[in-house]
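Trainee: Compute the structure for the input listed below.
(one chain, ligands or ions: 1)
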Amino acid sequence: MDKLLIEGGVRLTGETVISGAKNAALPLLCAALLTREPVTFTNVPRLNDIGTLLKLLSQMGVKVERDADSVTLDASVLDNPVAPYEMVKTMRASILVLGPLVARCGEARVSLPGGCAIGARPVDQHIKGLQAMGAEVAVEHGYVHAKVPRLKGARLFTDMVTVTGTENLMMAACLADGETVIENAAREPEVVDLANCLVAMGARISGAGTDVIRIRGVERLSGTTHRIMPDRIETGTYLCAAAATGGDIRLTGTSSAYLDAVVDKLMDTGCEVVTERDAIRLKAPARLTAVSIRTAPYPAFPTDMQAQFMAINAVATGAAMIRETIFENRFMHAVELQRLGADIRIDGNTAVVQGVERLQGATVMATDLRASASLVIAGLVAEGETVIERIYHLDRGYERLEEKLSALGARVRRLA
Ligand code: EPZ
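Mentor: A predicted model of the protein is given here:
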């Protein structure tokens with residue numbers, strides 16, 4: 001089990017590059033199922049989750065070609081519209097093949113993803129939407145089995161804002177007969193990136209980025225080439241690492257677009273943030289001011305940045321309140337941060353963080369992707385050495401982490 005050894009106390013300075021967005025790449029790769037023609041994606045991040053999804057697609061019959069940061073998928077032959085439990089259990093976002101498979105093949109058997117460390121993660125809204133579009137859906141023996149000769153356009157209203165739910169239903173609606181309207185749709189930038197690619201493939205979509213998305217079904221879609229948007233959460237994570245260490249960094253291949261809520265909060269901590277065309281620069285003060293946050297769907301403060309802000313509040317001046325409103329169990333990093341000396345009190349979905357002078361290095365355990373990122377940030381600023389165990393969580397969402405951190409001056413290395 002790989003571990004990460006970090007020697008804390010180094011200000012991050014210099015420049016590194018941001019990769020393509022994991023949470024845009026995952027739905028985009030699934031969109032290739034909607035057409036018989038090849039689809040090429042560039043700026044594809046080299047992440048374990050991407051590798052898992054490409055394996056899942058190829059066992060369905062999709063031809064996968066990978067070269068540097070580009071991936072070409074050819075789904076002309078789909079002879080096995082099944083997503084088996086063995087593969088889905090390691091990567092929940094596999095549920096994103098459900099909508100495209102039903103739309104393209106008229107049938108799909110997809111293992112229920114099951115929960116993860118941060119919550120139960122049900123997919124009832126995905127199922128409800130497909131049923132409203134005429135699919136017969138049975139959930140049996142741990143699988144979602146959906147069948148329909150052709151989906152019909154419908155008016156869909158999701159009970160809560162769901163990112164992959166919106167993405168699944170938007171993809172399914174592209175080949176449905178008639179118009180589909182998704183109300184209460186997710187407005188995340190990754191939904192917009194997916195819509196832009198689908199439109200380039202010939203889909204007729206309007207309203208992506210708002211809470212009402214209209215999709216007029218077409219007979220078939222064509223291939224295209226699409227560049228994946230930069231990873232806004234990776235960007236925010238490195239900005240937090242620089243903020244916590246009193247650093248001065250520049251991130252290229254990205255921008256502050258889609259990060260307004262995060263940049264606002266970083267400026268409230270006393271950081272200077274400068275946005276360039278495709279780069280972002282942050283200069284941190286010697287000591288941060290604590291800042292309270294409340295997570296909510298885009299464009300509000302993203303839940304995927306909550307753990308990172310708990311880490312920076314742990315060493316800031318003053319106290320901060322952190323409210324997590326999206327997932328029911330997304331404070332797993334708090335107990336690990338306490339091992340490093342953080343003063344955090346949890347009460348339901350609220351955490352009160354009292355900044356301390358300094359954290360002490362220790363051995364801690366990663367529990368989920370963003371919790372791991374928060375432990376990395378804490379380790380960078382803690383006194384002495386921090387060892388983070390189970391960093392396979394990190395490898396799911398942060399490409400070449402040690403390399404990028406070392407480029408910024410961090411003293412970090414992987415222990416086999
Ligand atoms: C996406 O997950 C992201 N993953 C998550 O990022 C992100 O935290 C989340 O959106 C919220 O922004 C990908 O895009 C691959 P939801 P998703 O459906 O779509 C409940 C990361 O760290 N819900 O928007 O699974 C759900 O339980 C990951 O990169 C239902 O009840 O999240 C949650 O409480 C973690 N029924 C809330 O809605 C449903 O059918 C929002 O979930 C669907 C969702």
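
Trainee: And for Ala120, the neighbour number?
Mentor: Using other C-beta atoms under 10 Å, Ala120 has 10 neighbouring residues. Placement of C-beta: from N, CA and C, glycine included.

Trainee: That one and Ala208, how far apart?
Mentor: Applying C-beta to C-beta, to the nearest Å, the value for Ala120 to Ala208 is 28 Å.

Trainee: cool, and Gly361?
Mentor: Taking C-beta to C-beta, one finds Gly361 at 45 Å from Ala208.

Trainee: likewise Leu359?
Mentor: Taking C-beta to C-beta, one finds Leu359 at 42 Å from Ala208.

Trainee: now swap in Ala316 and tell me
Mentor: 37 Å.

Trainee: show me the contacts for the closest residue to Asn349 other than its chain neighbours.
Mentor: Nearest residue to Asn349 in three dimensions, chain neighbours excluded: Glu324, at 4.9 Å (C-beta to C-beta, 6 or more residues apart in numbering). Contacts for Glu324 (C-beta atoms under 8 Å, 6 or more residues apart in numbering) come out as 295, 303, 306, 330-331, 349-351.

Trainee: Closest to Ala172 out of these?
Mentor: Using C-beta to C-beta, Thr303 comes nearest to Ala172 of the contacts of Glu324, at 25.1 Å.

Trainee: Near the closest residue to Lys404 other than its chain neighbours, how many other residues are there?
Mentor: In space, and not counting its chain neighbours, Lys404 is closest to Thr16: 4.4 Å by C-beta to C-beta, 6+ apart. Number of residues near Thr16 (other C-beta under 10 Å) recorded here: 18.

Trainee: tell me which element Thr16 is part of?
Mentor: Assigned by DSSP states H and E, Thr16 belongs to strand 13-17.

Trainee: near the ligand at all, the helix or strand that that strand is followed by?
Mentor: For strand 13-17, the following helix or strand on the C-terminal side (DSSP H and E) is helix 22-31. Yes - contact of helix 22-31 with the ligand (C-beta under 6 Å from any ligand atom) involves 23, 26.

Trainee: buried set for helix 22-31?
Mentor: 22-31 (16 or more other C-beta atoms under 10 Å).

Trainee: So the residue of the chain most remote from its centre versus Gly134, what's the distance?
Mentor: Computed with C-alpha atoms, centre = their mean, the maximum C-alpha offset from the centroid of the chain is found at Pro149, amounting to 32.6 Å. Pro149 sits 9 Å away from Gly134, going by C-beta to C-beta.

Trainee: Then Pro45?
Mentor: 36 Å.

Trainee: ok, these two, which is more surrounded?
Mentor: Between Pro45 and Gly134, counted using other C-beta under 10 Å, Pro45 has the larger neighbour count: 22 against 16.

Trainee: Identify the bridge partners of the nearest residue to Ser58 once chain neighbours are set aside.
Mentor: Computed as C-beta to C-beta, 6+ apart, the closest residue to Ser58 that is not its neighbour in sequence is Val64, at 4.9 Å. Here Val64 sits in beta bridges with Leu73, going by DSSP bridges.

Trainee: the helices in the stretch 51-200 of the chain, which residues?
Mentor: 85-88, 98-105, 124-132, 163-173, 189-200 (DSSP state H, counting those that start in this stretch).

Trainee: buried ones in the third one?
Mentor: By neighbour count, and taking 16+ other C-beta under 10 Å as the criterion, the buried residues in helix 124-132 are 125-130, 132.

Trainee: which residues sit against that helix?
Mentor: 95, 98-99, 102, 137, 139, 144, 146, 148, 151, 154-156, 158-160, 162, 164-165, 168-169, 172, 182.

Trainee: can you give me the strands in the stretch 151-300 of the chain?
Mentor: Using DSSP state E, counting those that start in this stretch, the strands of the stretch 151-300 of the chain run over 155-157, 179-183, 204-206, 212-216, 225-227, 248-252, 272-276, 279-283, 293-294.

Trainee: how about the residues of this structure near the ligand?
Mentor: So the chain meets the ligand at 23, 26, 93, 119, 121-126, 160, 162-165, 303-304, 326-327, 369-370, 397 (C-beta under 6 Å from any ligand atom).

Trainee: Which members of these are classed as buried?
Mentor: 23, 26, 93, 123, 125-126, 162-165, 303-304, 326-327, 369-370, 397.

Trainee: Tell me the spacing between Ala244 and the ligand.
Mentor: 19 Å (C-beta to the nearest ligand atom, to the nearest Å).

Trainee: Tell me if I'm right that that residue and Phe309 touch.
Mentor: No - if you go by C-beta atoms under 8 Å, Ala244 and Phe309 don't touch, sitting 9.9 Å apart.

Trainee: what about the stretch 301-416 of the chain, any weak spots by pLDDT?
Mentor: The stretch 301-416 of the chain contains no residues with pLDDT under 70.

Trainee: who's in contact with the spatially closest residue to Val262 that is not a sequence neighbour?
Mentor: Once flanking residues are discounted, Val262 sits nearest to Gly236: 4.6 Å by C-beta to C-beta, 6+ apart. Going by C-beta under 8 Å, 6+ apart, Gly236 touches 259, 262, 302, 304-305, 308.

Trainee: could you flag which of those residues are buried?
Mentor: 259, 262, 302, 304-305, 308.

Trainee: Now do the contacts for Ala410.
Mentor: Neighbour list for Ala410: 6, 10, 12, 241, 380 [criterion: C-beta under 8 Å, 6+ apart].

Trainee: what about the second one, how many residues close to it?
Mentor: Counted with other C-beta under 10 Å, the neighbours of Val10 add up to 18.

Trainee: Roughly how far does it sit from the ligand?
Mentor: Taking C-beta to the nearest ligand atom, one finds Val10 at 26 Å from the ligand.

Trainee: Same check on the last one?
Mentor: The span separating Leu380 from the ligand equals 20 Å under the rule C-beta to the nearest ligand atom.
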